[in-house]
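> quick one, fold the following:
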Amino acid sequence: MNFTFHDVTCSGNWGGISACFVGAWLVSGKIDRVTAPSVGICFDLAFMKQVTFNDFHCTGADANGGSGVGNKAWSNIYDNPAMNDNHTGVSFSDTDGVTVTNSSANNFITGAVIHSGSSFQFSGNVWRDNPGQNPTSPGIGIWIAAGTVGHSRTNITIAGDKFSNNGTAQRGYGVFATSATADTISQLTLKNVIFNNNASAGIDSVHRQRCPKSLLKGTLALA
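Predicted coordinates for the structure are as follows:
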């Protein structure tokens, strides 16, 4: 806890299943100015509380280091194997309070993935040219998805982000919200977001009845 990572470059081939940052039970920290020009996963994280990500720029790559797409740039999951490993001295049971600002991700299957947690703030980011790979892995800018039963995602705000050219190889979305369980995705707010040329839609949801209290405000769809 109380950590800072600043001016980090993940050089060389980090493609395929390799990840620049992997961790769980992170409290009161900031990861700032990260460059990853050839990476399979940039951030693979779980159980965060009051953590900020700013000014990261990641380009996806497969295991060969550039001939294909990466997996995901930024990911928050509910990590069952690590669920009892909280040694921070701060009591919490799921991710609560994450900020992602002024960053970008391209050439991944998915730019960012939220599988659990609450109080996410995305602002000023660019999610572009994430092509997808096959029918089970469409190209998505931000994917909000049920990962574990009993861990609904709540209070997610996306403000001023840009989503463009996602889903060019396998039709996908700028933002996609889905819940294969009975858990809901609530208090999802998009403000002043720009969608441009995302195939097949800027924003969509498979299970819309499980996405209550959602709001779109000042959002622009160019194509």
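
> can we go C-alpha only for contacts and neighbour counts from here?
Noted.

> just want the most central residue of the protein.
Taking Cα atoms, centre = their mean, the centroid of the chain lies closest to Ala112, which sits 1.9 Å from it.

> doesn't Gly141 make contact with that residue?
Yes - here Ala112 reaches Gly141: they are 6.4 Å apart, a contact under Cα atoms under 8 Å.

> before we move on, back to that, tell me the bridge partners for the residue nearest to the centre of the chain.
Judged by DSSP bridges, the bridge partners of Ala112 are Trp74, Ile142.

> state the number of residues packed around Val90.
12 (other Cα atoms under 10 Å).

> state the mean pLDDT of whichever strand or helix holds Ala105.
Secondary structure assignment for Ala105, by DSSP states H and E: strand 104-106. The predicted model gives strand 104-106 an average pLDDT of 98.

> how far does the longest strand along the chain sit from its chain's centre?
The single longest strand within the chain, with elements called by DSSP state E, is strand 14-60. With Cα atoms, centre = their mean, to the nearest Å as the basis, strand 14-60 stands 10 Å off its chain's centre.

> same check, this time on stretch 107-119
2 Å.

> what about it, start to end distance?
Terminal residues of stretch 107-119 lie 27 Å apart, using Cα to Cα, to the nearest Å.

> residues in contact with stretch 55-64?
Applying Cα atoms under 8 Å, 6 or more residues apart in numbering, the contact partners of stretch 55-64 are 13-17, 32-42, 66-73, 101-108.

> buried only: go through these for me.
Among the contacts of stretch 55-64, those classed as buried by 16 or more other Cα atoms under 10 Å are 13-16, 32-42, 66, 68-73, 101-108.

> let's see the pLDDT reported for Leu215.
pLDDT at Leu215 comes out at 57.

> what's the pLDDT at the closest residue to Gly66 other than its chain neighbours?
Ranked by Cα to Cα, 6 or more residues apart in numbering and with sequence neighbours excluded, the top spatial neighbour of Gly66 is Ser38, at 6.6 Å. Ser38 is assigned a pLDDT of 96 by the prediction.

> with Ser179 instead?
With respect to pLDDT, Ser179 scores 69.

> ok, Ser123 next?
Ser123 is given a pLDDT of 98.

> go on, Asn196?
Reported pLDDT for Asn196: 95.

> who's it bridged to?
Beta-bridge partners, per DSSP bridges, of Asn196: Ser164.
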